[in-house]
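Colleague: Sharing a sequence plus its predicted fold:
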Amino acid sequence: MNDLKGKTMLPGFIDPHIHASIAASVLPVEIVSAMEWNTPRGKSVVVKDHDAFINRLKELDKSYEDPQKVLLAWGYFKPYHGSISKDELNSISLTRPIIVWQRSCHEFYLNDAALKHFNITEADFNKMPGYSDYKTGHVFETGLFVVTKPVLDYISNPAQFSKGLEMMTDVIHKGGLTTICEQGFPQVDLNLEQSLISKEINKPSTPFRYAMVPNAMYFYPILKSGSKVLAFCDSLINTGKDNMDYVKAVKFYVDGAIFSQLMIMSQPYEDHHHGEWMMQPKEQDDVLKLSIKQVGIFTFM
């Protein structure tokens, strides 16, 4: 049999739950993690305890020639790295903006220089008292979209985001994936993400398809009602192009991240902290009841 001589056929894998926007945001920044990450930028330095984590931040601070360059490090994980705070980040630098991005991507820690750089004030923290702490510089879950919105805008700036998407494509290709699904689109900015991701996915060189599940948590604060959210999500079907399109479904971000231990639990945590809602129960109920009634709407939580 010679018709396939010199050719190799491989299966194409499917990943039904991926966050392209998060991947494109994380890959271009510093990775300071307890696990080794092999990315297009190289392998990350493994840091498995508190001192190693802080020392790695100090090394990165010293390695930057520009004293005003933002140091944004992803990968902090409390079970390995212990507690951190604004004061400890201030001890690394009082002039360089430093942001620590927790592993789940649901939390930030900022030093005073970062707050000043992004014009974030104590009054901004006070807008989300249950989801932020000015004293420790800690912002989490839905607080990210209010208190630290300028940081999210910085992370998703078009130049850096496009670079991150190229890295994401490389990683997905190496993993043998031919179809991926974004569970919750968009994450931060509908027009930006739709435009830049479409540009990347529909390149002739991009070897995979991209499905999107609309993000109810993103649309609810804008549209203010469950019926409007579902109607808008339904209107997105078939608006994609070529290898990128929406599916007839809706994604609920219900409670907090597993890696942050902010899930809502029926039993209390051993240290007596509690989980947090991402969508408030009333908002969930408004959208969920309607989506269950509509035939053909798949619901992901």
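Modeller: All right, it came through fine.
Colleague: pLDDT score for residue 195?
Modeller: Residue 195 carries a pLDDT score of 93 in this model.
Colleague: Output the contacting helices and strands for the helix or strand in which it is found.
Modeller: Using DSSP states H and E, the element containing residue 195 is helix 190-201. Helices and strands touching helix 190-201, as assessed by 3 or more CB pairs under 8 Å, 6 or more residues apart in numbering; DSSP states H and E, comprise helix 20-26, helix 158-174, strand 209-214, strand 244-246. From N, CA and C alone the C-beta is placed, and that goes for glycine too.
Colleague: swap the cut-off to 10 Å and go again
Modeller: Using 3 or more CB pairs under 10 Å, 6 or more residues apart in numbering; DSSP states H and E as the contact test, the elements touching helix 190-201 are helix 20-26, helix 158-174, strand 177-185, strand 209-214, helix 216-223, strand 244-246.
Colleague: could I get that helix in PDB with only the CA atoms?
Modeller: Coordinates of each C-alpha in helix 190-201 appear next as PDB, following Å, rounded to 0.1, in the frame of the first residue of the first chain:
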ATOM      1  CA  LEU A 190     -16.100  40.900  24.100                       C
ATOM      2  CA  ASN A 191     -15.000  43.000  21.100                       C
ATOM      3  CA  LEU A 192     -11.300  42.800  21.900                       C
ATOM      4  CA  GLU A 193     -11.200  39.000  22.400                       C
ATOM      5  CA  GLN A 194     -13.500  38.200  19.500                       C
ATOM      6  CA  SER A 195     -11.500  40.300  17.100                       C
ATOM      7  CA  LEU A 196      -8.000  39.200  18.200                       C
ATOM      8  CA  ILE A 197      -8.900  35.500  18.800                       C
ATOM      9  CA  SER A 198     -10.700  35.300  15.400                       C
ATOM     10  CA  LYS A 199      -7.600  36.800  13.700                       C
ATOM     11  CA  GLU A 200      -5.400  34.100  15.300                       C
ATOM     12  CA  ILE A 201      -7.700  31.100  14.900                       C
END
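Colleague: That one: which residues count as buried?
Modeller: Of the residues in helix 190-201, 190, 192, 193, 194, 196, 197, 198, 200, 201 count as buried by neighbour count, 16 or more other CB atoms under 10 Å.
Colleague: Break the protein down into its domains, please.
Modeller: Domain assignment of the chain by automatic domain parsing yields the ranges 20-155, 158-300.
Colleague: pLDDT below threshold where in this structure?
Modeller: Regions of the chain meeting the criterion pLDDT under 70 cover residues 1-2, 292-301.
Colleague: Who are the contact partners of residue 60?
Modeller: For residue 60, the contacting residues are 30, 32, 45, 71, 72, 73, 92, 96, 98, taking CB atoms under 10 Å, 6 or more residues apart in numbering as the criterion.
Colleague: All set now, cheers.
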